[in-house]
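Chemist: fold the following and give me the result.
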Amino acid sequence: MADGAKQRYSSKRKATPASWKPGQSGNPKGRAPTGTAIAELFRGVMEERDYKSRKPRVVALAMHLYEIAMGDGKDAVAAGRALLEWSVPKPAQAITGDNGPIEIVIRRASEAK
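Modeler: Numbering: from 1, shown residues only. Prediction:
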């Protein structure tokens, strides 16, 4: 370098025609599907019949959890809680802000004023 001058480097790359524009996604179609979700597989298994009782597996599971919940074992509370969480819907919770309940209105674009 001439006369001890410092060379300046830019941390920015030069834009190419393939460069993303500000606000543009690098993956607009999203992640490709990888297969069946575990929840979907589990639902399929629970619809099949239990090999011992010949009842749907979901019924057999509920009956087994009920038996555990009514017992005195260390798992009784956990089994009872699982049964309640699956069978009794949770109450709706209000969304509130600093000035009371928040009103959420959803309109179609064609209805906008």
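
Chemist: so which residues of this protein form helices?
Modeler: Counting by DSSP state H, the chain has helices at residues 38-47, 57-69, 76-87.

Chemist: remind me what the shortest one packs against, helices and strands.
Modeler: Going back to what we said before, that points to helix 38-47. In terms of contacts (3 or more C-beta pairs under 8 Å, 6 or more residues apart in numbering; DSSP states H and E), helix 38-47 is packed against helix 57-69. Just so you know, the C-beta spots here come from the backbone N, C-alpha and C atoms, and that holds for glycine as well.

Chemist: contacts for the helix it packs on, please.
Modeler: 45-50, 52-53, 55, 75-77, 79-80, 82-83, 86 (C-beta atoms under 8 Å, 6 or more residues apart in numbering).

Chemist: repeat for stretch 25-45
Modeler: Stretch 25-45 has contacts (C-beta under 8 Å, 6+ apart) with 20, 57.

Chemist: measure it end to end?
Modeler: This stretch, stretch 25-45, spans 38 Å end to end (C-alpha to C-alpha, to the nearest Å).

Chemist: quick one: buried residues of that stretch?
Modeler: For stretch 25-45, a neighbour-count test (16 or more other C-beta atoms under 10 Å) marks nothing as buried.
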